[in-house]
Structures are given as C-alpha cells and as structure tokens.
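Participant: Fold the stuff below for me.
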Amino acid sequence: MEPREAILKISDAMNAAVVGQQDVVERMLVALLANGHVLMEGLPGTAKTRSVKTLSHLVDSQFGRIQFTPDLLPSDVTGSEIYREQTATFEFQPGPIFGNLILADEINRAPAKVQSALLEAMEERQVTVAGETHKLPELFLVLATQNPIEQEGTYPLPEAQMDRFLLYVRVDYPAGENEATILRLVRGEKSGHAADPLPKIEQQVVFDARRAVNAIHVAEAAEQYIVDLVLGTREPQKYEGNLPKWIRLGASPRGTIALDAAARAHAWLAGQDFVSPDNIRAVAPACLAHRVHLTYEAEAAGVTRTQVIEELLKCVVPV
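Facilitator: A predicted model of the protein is given here:
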C-alpha cells in the first residue's frame with residue numbers, strides 16, 4: 001500500500017470515529033506528517049482524548065498518557081533512576097514520555113518544572129536523567145490538551161513555551177446535525193456493534209510519507225507568501241484595519257518553519273506535488289495563532305488569536 005493511501009485510510013477511520021471534527025483530524029495528520037507536536041484546546045467532551053487514542057489504534061505505536069495534576073513531578077514524566085538491591089546499581093526506569101504517541105492531558109494543570117521537562121523532551125527528542133541522556137523513539141508525537149474554561153489550579157503555558165508546538169488546534173462543539181450520529185456511534189460501541197478495526201499501519205509507512213512530504217516543491221512565490229504572513233505579524237502597522245491594535249508581538253522564525261512544513265504536509269494530503277497559496281492559508285491559523293501575542297486592547301475586546309490570523313490573511317495576499 002502506498003503511503004498516501006495508508007494515511008488517507010487513517011483519515012477516513014478517524015473521521016468515522018471522531019464525528020464532526022474533520023478539521024481536528026486533518027490537523028493531527030498534518031502534525032504527524034510534519035513531525036511536530038499539537039496543542040489542542042477545547043471544552044470537555046469534544047473528543048480531544050478520543051481523537052488521540054483513535055490515532056494510536058491505527059498506527060503501530062506505543063501510546064502513553066500523562067494526566068497532568070498540580071502534584072506531578074518531572075520524574076513522573078521523564079522517568080528516574082531506581083536502585084536495585086540485587087545488583088547494587090542504579091537502573092533507569094523510563095517514564096511515560098518514552099512512547100510514540102503521547103497524550104499530555106490538561107497540560108496546564110502541572111507546575112512549571114513538569115511543563116519544562118515535557119517541553120524539553122519535545123524539543124530535544126531526548127531526556128537527561130542523572131547526567132545520562134536517553135533518546136526518545138524516532139516516531140514521537142505529543143498531543144497536549146488544555147481546558148480553556150477552568151483557571152483555578154492551573155499553570156498557563158508561557159507564550160514562549162507554546163512556540164514549541166507546531167500546531168494549535170481549537171476544538172469546538174460539533175455541528176448539530178452530527179449529534180445524533182455521535183449518539184448512535186457510542187451506543188453501538190457500548191453494545192459491541194462497532195465497526196471492525198482496521199489493521200495498524202507500520203511506522204515505516206509514516207517515515208516514508210514524511211520523506212514524500214519533504215520532497216513537495218515550494219516555489220519562490222509560495223515561500224515569499226509564507227514570509228510575508230510571518231512578517232505581517234511582526235509589522236502589523238503596515239496594514240490598515242485592526243491588526244495594529246490587536247498584535248503586540250509577532251511570530252518568530254520558528255513560525256516560518258512551521259508554516260512551511262505544515263503547508264507541504266497539507267499539499268501532500270491533497271494529492272499535490274507543490275504548495276499552493278490555498279495550502280498555506282489552510283494551515284496558517286493553526287501554525288501562527290499561538291505564536292501571536294495580543295495587545296491588552298484585543299484581550300479586553302475578547303478578540304481571539306485565530307481571529308487575528310484570519311484578519312491577517314485578508315490583509316496579506318500572495319504575489
């Protein structure tokens with residue numbers, strides 16, 4: 001089976017299991033193909049955890065879940081050295097971070113030290129304990145969730161650390177017409193009438209797909225459009241309208257890199273061998289929203305980061 005065919009089968013299976021969240025599924029597959037991490041924010045019960053677990057069932061992978069709480073320690077994430085009396089030596093016991101698909105559930109409920117331990121592993125793809133470095137698996141994807149409505153007992157991610165996530169995905173309620181479908185789906189699962197699971201694809205298929213994504217052509221005009229979008233977040237005063245009032249700080253070069261990688265993955269999923277402006281626009285909100293810092297005026301007016309990027313896309317047009 002060709003890599004694209006296998007990935008599209010995963011997409012169909014996820015959309016069948018996570019009803020009404022097509023954009024979320026697409027963003028997760030883009031992150032998988034672009035070898036980046038995802039920060040998912042949404043209200044309880046909007047299938048954030050279900051979507052991650054469904055993906056883990058479709059890829060031959062080790063799934064790890066970390067439920068973040070205020071009393072969590074960094075060693076609960078990374079692992080620790082354990083003394084073995086039989087041999088009188090210390091042995092490293094890997095933590096749940098040593099998996100392929102890691103669900104960091106309610107990441108904003110853990111204190112800064114724990115968040116830093118996770119984010120360091122995400123960036124460096126390795127963990128250092130007691131002076132010894134341990135490599136993480138080649139297939140390593142963190143999908144972190146946070147609840148936007150409960151702030152008591154939480155430790156919001158610093159904006160600089162949010163930059164470590166390739167994509168920010170806002171998970172909304174599904175459309176009303178999907179509610180009955182969700183009801184029947186869950187009822188069928190509980191009664192044992194769920195659809196037969198698809199065979200898991202090998203990790204090598206994901207690696208082959210990533211190589212194909214990296215080979216997608218990005219023309220000079222498309223590159224310039226990516227750069228113009230990022231520069232637009234840094235120099236909003238060049239544009240009329242609300243951007244100068246809304247943006248305090250713009251995206252870093254990491255945003256440029258993320259937008260390029262995600263646009264290529266989006267184009268590959270669509271069966272294209274080149275990146276078009278439509279691919280860039282499709283992934284721009286997920287790549288740039290969490291990298292834009294809002295002014296106090298924008299926050300007071302209830303403007304969201306996604307709204308800011310949508311306004312940016314209206315102002316910045318491809319050459």
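Participant: Output the contacting helices and strands for the lowest-mean-pLDDT helix or strand in the chain.
Facilitator: Across the helices and strands of the chain, mean confidence by mean pLDDT, DSSP states H and E is lowest for helix 159-162: a mean of 73. In terms of contacts (3 or more CB pairs under 8 Å, 6 or more residues apart in numbering; DSSP states H and E), helix 159-162 is packed against helix 112-124. C-beta coordinates here come from the backbone N, C-alpha and C atoms, glycine included.
Participant: what residue of the chain is the furthest out?
Facilitator: Largest separation from the mean C-alpha position in the chain: residue 86, at 42.9 Å (CA atoms, centre = their mean).
Participant: my read is it is in a helix, agree?
Facilitator: No - going by DSSP: H, G, I helix; E, B strand; the rest coil, the assignment for residue 86 is coil, not a helix.
Participant: Pull up the gap between it and residue 45, please.
Facilitator: Separation of residue 86 from residue 45 (CB to CB, to the nearest Å) stands at 47 Å.
Participant: and if you look at residue 173?
Facilitator: Taking CB to CB, one finds residue 173 at 9 Å from residue 45.
Participant: More neighbours: which of the two?
Facilitator: residue 173 (13 against 9; other CB atoms under 10 Å).
Participant: Just list the residues touching the more buried one, thanks.
Facilitator: Residue 173 sits next to 43, 46 when contact means CB atoms under 8 Å, 6 or more residues apart in numbering.
Participant: Ramachandran angles for it?
Facilitator: Residue 173 adopts backbone torsions of phi -60, psi 140, taken as degrees, to the nearest 10.
Participant: got a pLDDT number for it?
Facilitator: If you check residue 173, the pLDDT there is 79.
Participant: for residue 244, same thing?
Facilitator: 92.
Participant: now do the one 10 residues further on
Facilitator: At residue 254 the predicted local distance difference test score is 92.
Participant: Does residue 316 touch residue 232 like I think?
Facilitator: Yes - if you go by CB atoms under 8 Å, residue 316 and residue 232 touch, sitting 4.6 Å apart.
Participant: what are the ranges of the strands in the stretch 151-300 of the chain?
Facilitator: Assigned by DSSP state E, counting those that start in this stretch, the strands in the stretch 151-300 of the chain fall at 167-171, 247-249, 293-294.
Participant: most packed of those?
Facilitator: Of all those, strand 167-171 carries the top mean neighbour count, a mean of 23, counting by mean count of other CB atoms under 10 Å.
Participant: Give me the sheet partners of that one and which way each runs.
Facilitator: Using DSSP bridges, strand 167-171 pairs in its sheet with strand 38-42 (parallel).
Participant: what pLDDT, on average, does the strand it pairs with get?
Facilitator: On average, strand 38-42 scores 89.
Participant: and the angle from the next helix or strand after that strand to strand 167-171?
Facilitator: Per DSSP states H and E, strand 38-42 leads on to helix 48-58 as the next helix or strand towards the C-terminus. Helix 48-58 runs at 120 degrees relative to strand 167-171, counting by axes from the mean of the first three to the mean of the last three CA atoms, to 10 degrees.
Participant: Which parts of the helix or strand that helix 48-58 is followed by count as buried, going by neighbours?
Facilitator: Moving toward the C-terminus from helix 48-58, the next helix or strand (DSSP H and E) is strand 63-67. Neighbour-count burial for strand 63-67, counted by 16 or more other CB atoms under 10 Å, picks out 63-64, 66.
Participant: got the CA positions of strand 63-67 in CSV?
Facilitator: Provided in CSV are the C-alpha atoms of strand 63-67 (Å, rounded to 0.1, in the frame of the first residue of the first chain):
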residue,chain,number,x,y,z
PHE,A,63,0.5,5.0,23.3
GLY,A,64,1.3,6.9,26.5
ARG,A,65,-1.0,9.1,28.6
ILE,A,66,0.1,11.6,31.2
GLN,A,67,-2.6,13.1,33.3
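Participant: which helices and strands does that strand pack with?
Facilitator: By 3+ CB pairs under 8 Å, 6+ apart, strand 63-67 packs against strand 101-105.
Participant: With that, I have no additional questions.
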